[in-house]
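> sequence isn't available, so here's the structure alone:
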């Protein structure tokens, strides 16, 4: 049986997170990042890709079924993430799938795989699984897409992948529940009303092969991105 110490890990680029998961995400794992609207999923995942490209020499791909290239570049630049420069340097690629139709999902996934090979990418973000599932009427089709992501993209290609999932405010269940069982890890980002203010917090619900923290942590938005800090009880 493989021990925790033998698992190769990659730094997340999120200050305060790595020490909660024994040094980083297991390389080649599928991590679900679920959260309410405005909870920080895009910033979290963008930070993960940017850190990998700049500090680890790992090229990244962002696949968007929800946000345009222009909005992504603009929103992330406010935190100091210059993805335009990374694109010019061949270290990052944004795949805009916003206009995807149901019959094009399989083709879209093949496009993603081809781009990963072409770029030799090691980090991947899919935004969002929720948008993909809206194109399907049957859960079996959703399961097929998940196994494609898990089997071909994560396992075969070896990309450490963040799969973003939208969680409506007030809901506890993540998506269709299928992805919860397939994922190697689940991190939930939450927005909560505390008196007269909105606060953000995060919890690591699952991380295979990892002795991870079971406590909620503050999710702080700084000028340099997201930071995890302990919650004072």
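Now that the structure is in, tell me what you want to look at. Note that the structure is a prediction, hence the values are computed from the model and not measured.
> please enumerate the helices of the protein.
For the chain, the helices defined by DSSP state H cover 41-55, 69-77, 83-88, 105-119, 129-133, 139-148, 178-182.
> from residue 89, how far out is the nearest residue to residue 155 once chain neighbours are set aside?
Nearest residue to residue 155, sequence neighbours excluded (Cβ to Cβ, 6 or more residues apart in numbering): residue 28, at 7.0 Å. To be clear about C-beta, it is placed using only N, CA and C from the backbone, and glycine gets the same treatment. Taking Cβ to Cβ, to the nearest Å as the measure, residue 28 falls 24 Å from residue 89.
> any idea how far residue 75 is from the spatially most central residue of the chain?
The residue lying closest to the centre of the chain (Cα atoms, centre = their mean) is residue 162, at 2.8 Å. The gap separating residue 162 from residue 75 is 16 Å, by Cβ to Cβ.
> so where's the chain uncertain?
Flagging of the chain using pLDDT under 70 yields the residue ranges 1-5, 99-105, 135-143, 150, 170-180, 233.
> and the closest residue to residue 125 other than its chain neighbours, how many neighbours?
Excluding the flanking residues, the one nearest residue 125 by Cβ to Cβ, 6+ apart is residue 45, at 4.2 Å. Around residue 45 there are 24 other residues, counting by other Cβ atoms under 10 Å.
> so residue 45 touches residue 162, yeah?
Yes - with contact defined as Cβ atoms under 8 Å, residue 45 counts as touching residue 162 (4.8 Å).
> mutual contacts of those two, please.
Counting by Cβ atoms under 8 Å, 6 or more residues apart in numbering, the common neighbours of residue 45 and residue 162 are 33, 125.
> what about the strands in the protein?
9-10, 25-26, 30-35, 60-64, 92-96, 123-127, 160-166, 185-194, 197-207, 217-222, 225-230 (DSSP state E).
> roughly how far does the residue nearest to residue 155 sit from residue 56?
Taking Cβ to Cβ as the measure, residue 28 falls 14 Å from residue 56.
> the more surrounded of these two?
Legend: neighbour count by other Cβ under 10 Å for residue 28 and residue 56, higher for residue 28 (18 against 15).
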